[in-house]
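> Predicted model and sequence follow; I will ask about them next.
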Amino acid sequence: MTSDTDASKKLSLTGLPASQIEEHLKLLGEPAYRARQIYNWIHHRKVESFEEMTDLSKLLRKRLSDRYLLRTIVLEKKNTALDGTEKYLWKLSDHRFVESVVIPEARRNTVCISSQVGCSLGCSFCATGSMGLIRNLTAGEIVEQVLQVRKLSEHKITNVVFMGMGEPFINYRRSIQASQIMGDPQGLAIATKKITISTSGVVPKIYQYTDDGHPFGLAISLHAPNQSLREQIMPIAGKFPLDELMASITHYMRAKKRNRVTFEYVLLHGVNDTASEARQLISLLSPIRCKLNVIPCNQNYLGFSPPPPEHLEKFVSILMNAPFTVTVRKNRGEDITAACGQLAVEHQEKSIYIR
Ligand code: SF4
């Protein structure tokens with residue numbers, strides 16, 4: 001199922017911008033201002049049913065609930081790690097599962113959300129990639145992760161990143177629509193620069209994203225500084241080679257004069273963590289206004305391991321000569337498998353995976 005309707009065939013209003021809700025209301029013979037009222041109830045007052053929209057007539061509330069939905073994901077389980085990281089497992093209406101993770105930090109609290117059930121790109125170090133793609137999430141299912149987490153989390157959410165399950169640029173239209181609702185001052189009202197879309201390098205969509213002029217941040221999952229290594233660990237590099245990826249990022253940077261792009265680099269011991277690779281990273285990224293996030297991988301079941309501390313220190317000390325900002329991210333929530341590359345595998349029904 002990849003349409004925007006729920007398994008019950010009702011459309012979720014949570015994933016629609018106010019202008020589209022207005023169109024639906026018109027069909028019911030209702031004035032345009034009702035759409036704003038409903039949009040406000042959904043995103044500001046965070047109601048979960050039409051029944052709670054007490055300034056609408058009973059008849060309209062009934063007509064809305066006969067045709068539309070507000071909630072399509074249900075919390076199956078919430079775990080909190082020793083470091084405060086929260087992992088939410090959501091059950092979808094077709095009994096699939098996706099996850100969101102809240103990462104609390106000193107100055108911000110980020111929710112990392114999913115855009116697909118599974119992922120077709122098969123990065124060798126990623127638990128989600130080993131599942132294959134099951135389906136795209138609807139815009140409503142994406143927005144709801146943030147709406148519900150805002151109600152349930154111990155932390156006030158300030159940032160959103162599309163770094164959970166899936167590749168958001170393969171589910172482009174719905175990921176963008178969800179981001180627009182999140183960034184709309186009348187919607188979830190999250191500052192657009194605090195919403196980041198992370199891609200593993202779907203080059204045509206980077207051009208489209210740039211040319212569409214979207215105001216959200218862009219992050220690139222790089223993970224290798226040269227084509228042959230990237231192709232080994234990220235099959236997408238066979239389709240969209242590194243030089244084409246870098247050209248698309250240059251196009252983005254030219255269009256976004258004041259922005260910088262973030263590169264993510266998961267460190268896999270014995271794979272991409274030598275001094276030579278650190279130097280190659282400097283030459284590759286120096287021409288670009290960017291920030292590099294180095295993330296030692298988790299000890300996950302796919303057999304990769306993080307570099308030992310002295311090895312990590314050497315890799316990072318070489319990067320300290322780079323003309324761009326380098327941060328080393330501590331892996332968070334490892335005791336609840338909430339860290340990068342570890343999201344939901346165990347709850348899916350393995351027999352229906354599509355590769
Ligand atoms: S790292 Fe991202 S793009 Fe690669 S398989 Fe995992 S979810 Fe997909």
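Good, I have the coordinates.

> CA atoms for contacts and neighbours, from now on please.
Will do.

> Model confidence at Ser299, what's the number?
Small correction: residue 299 is Gln, not Ser. What the model reports as pLDDT for Gln299 is 75.

> Point out the residues in the chain that sit beside the ligand.
Counting by Cα under 6 Å from any ligand atom, the chain comes close to the ligand at 119, 121-123, 126, 128-129, 165-167, 200, 341.

> Looking at these, spot the one nearest Thr110.
Thr110 has its nearest neighbour among those in Met165, at 15.4 Å by Cα to Cα.

> burial of the closest residue to the ligand within the stretch 101-250 of the chain, as a residue count?
Nearest to the ligand, among the residues of the stretch 101-250 of the chain, is Gly129, at 3.4 Å (Cα to the nearest ligand atom). Neighbourhood size, Gly129 [other Cα atoms under 10 Å]: 24.

> For it, which non-adjacent residue is spatially closest?
Setting aside the residues directly before and after it, Gly129 is nearest to Gly122 in space (Cα to Cα, 6 or more residues apart in numbering), at 4.1 Å.

> Looks to me like that neighbour is in a strand.
No - if the criterion is DSSP: H, G, I helix; E, B strand; the rest coil, then Gly122 is coil and not within a strand.

> Quick check: it touching Glu231?
No - the criterion here is Cα atoms under 8 Å, and Gly122 misses it with Glu231 at 11.3 Å.

> wouldn't the residue of the stretch 101-250 of the chain closest to the ligand be in contact with Gly164 here?
No - the criterion here is Cα under 8 Å, and Gly129 misses it with Gly164 at 11.2 Å.

> I'd like the distance between Leu75 and the ligand.
21 Å (Cα to the nearest ligand atom, to the nearest Å).

> Also Pro31?
Taking Cα to the nearest ligand atom, one finds Pro31 at 42 Å from the ligand.

> In three-state terms, label that residue for me.
Quick answer, by three-state DSSP: Pro31 is coil.

> Look up the pLDDT of the closest residue to it other than its chain neighbours for me, please.
In space, and not counting its chain neighbours, Pro31 is closest to Leu25: 7.1 Å by Cα to Cα, 6+ apart. As predicted, Leu25 sits at a pLDDT of 96.
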